[in-house]
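Enquirer: Sequence and predicted structure, then a few things I'm wondering about:
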Amino acid sequence: MFPLEVWIVASILVLFFSISLLSYFSGTIILAAGITFIVIGLILGVPIGVYYHLLLFQRIKLLGRELKGWWISPHRYHESLPEKERRILSRWFWIGAVFFNITMIGCELVFIGLFIKS
């Protein structure tokens, strides 16, 4: 993959680009976009997260492992699964993570939109 320095520089460039792009829109538009991101992230992310956690619970229970804190830090249980099931669970894990991040971006946009409006 890329070295850490490349990720840091890319993140800084994306941040600068995002800030400059936000200056072109009014607070109302940014607020509406943020609310839209939150709604999409929650409507799609929550069912995916529930499905992932139930799937993980079922797979780990079949293996007979102890399930202490499995809903808080579920990724640590992936390594005990067979490769095929790990790939299936990892796919749902990352899809859920994407929608969680969409929700968090929406929260940030709502904050920025409210800050600009005031």
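Expert: Arrived safely, thanks for sending.
Enquirer: ok, and for stretch 86-97, which residues are buried?
Expert: 86, 89, 92-93, 95-96 (16 or more other CB atoms under 10 Å). (Each C-beta comes from the backbone N, C-alpha and C, glycine too.)
Enquirer: could you dump these to TSV with pLDDT?
Expert: Below are the buried residues of stretch 86-97 laid out as TSV (pLDDT from 0 to 100):
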residue	pLDDT
86	90
89	90
92	94
93	91
95	94
96	93
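Enquirer: Would you reformat these as a markdown table and include secondary structure?
Expert: Listed next are the buried residues of stretch 86-97 as a markdown table, based on DSSP: H, G, I helix; E, B strand; the rest coil:
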| residue | secondary structure |
| --- | --- |
| 86 | helix |
| 89 | helix |
| 92 | helix |
| 93 | helix |
| 95 | helix |
| 96 | helix |
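Enquirer: what would the residues you listed look like in JSON lines with distance to residue 21?
Expert: Shown next, in JSON lines, are the buried residues of stretch 86-97 (distance: CB to CB, whole Å):
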{"residue": "86", "distance to residue 21": "38"}
{"residue": "89", "distance to residue 21": "36"}
{"residue": "92", "distance to residue 21": "32"}
{"residue": "93", "distance to residue 21": "30"}
{"residue": "95", "distance to residue 21": "26"}
{"residue": "96", "distance to residue 21": "27"}
